[in-house]
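J.: My questions are about this predicted structure, shown below with the sequence.
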Amino acid sequence: MSSTQTYAQYVIDGIDGATLRPMMGEYLLYYQGKLVGGINDNRLLVKPTPSAKRLLPNASYQLPYQGAKAMLLIEELDDKPFLTQLLTAVANDL
């Protein structure tokens with residue numbers, strides 16, 4: 001199942017510096033010019049950097065697609081200040 005443009009836009013609305021790049025029906029998520037995660041099957045996934053793991057100690061790991069490395073699933077999409085903090089931390093780790 002591909003991600004919808006509506007879902008992808010909802011994820012980044014309100015997060016300054018976040019951009020999306022479509023890729024084979026899914027979206028790569030960039031923050032401040034760095035690849036920090038993606039939107040796959042209408043799920044927001046971020047790279048499991050040390051800061052991301054610290055900010056999301058109970059997040060589950062999921063595969064964006066078969067054969068990929070596991071990423072952290074972000075389930076709370078309405079807290080834009082937290083998402084901004086998270087993406088900033090991941091970008092700083094990279």
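T.: Alright, I've got the coordinates. If you're wondering where the values come from, they're calculated on a predicted model, not measured in any experiment. Numbers count the residues shown, from 1 in each chain.

J.: these two touch, right, L44 and Y10?
T.: No - using Cβ atoms under 8 Å, L44 makes no contact with Y10, being 9.8 Å away. In this view, the C-beta of every residue, glycine as well, is placed from N, C-alpha and C.

J.: what sits in contact with each of these two?
T.: Shared contacts of L44 and Y10, defined by Cβ atoms under 8 Å, 6 or more residues apart in numbering, are found at L77.

J.: if you count what's nearby, which of the two comes out ahead?
T.: L44 (25 against 15; other Cβ atoms under 10 Å).

J.: show me the contacts for the more buried one.
T.: V11, L29, G37, L73, I74, L77.

J.: okay if I get these as JSON lines plus neighbour count?
T.: Below are these laid out as JSON lines (neighbours: other Cβ atoms under 10 Å):
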{"residue": "V11", "neighbour count": "23"}
{"residue": "L29", "neighbour count": "26"}
{"residue": "G37", "neighbour count": "26"}
{"residue": "L73", "neighbour count": "16"}
{"residue": "I74", "neighbour count": "21"}
{"residue": "L77", "neighbour count": "14"}
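
J.: Which of the residues you listed fall within strands?
T.: Counting by DSSP state E, the members of those that fall within strands are L29, G37, L73, I74.

J.: Of those residues, which pair is most distant in space?
T.: Based on Cβ to Cβ, the longest span within these runs between L29 and L73 and measures 13.2 Å.

J.: And the strands in this structure?
T.: Taking DSSP E as the test, the strands found in the chain are 18-23, 26-31, 34-40, 43-46, 61-62, 71-74.

J.: circling back: out of the ones in strands among the contacts of L44, the closest to R21 would be?
T.: Of the ones in strands among the contacts of L44, the one sitting nearest to R21 (Cβ to Cβ) turns out to be L29, at 8.3 Å.

J.: Identify the bridge partners of the closest one.
T.: Using DSSP bridges, the bridge partners assigned to L29 are L20, G37.

J.: got a list of what it touches?
T.: For L29, the contacting residues are 11-12, 18-20, 35-39, 44, 46, 87, by Cβ under 8 Å, 6+ apart.
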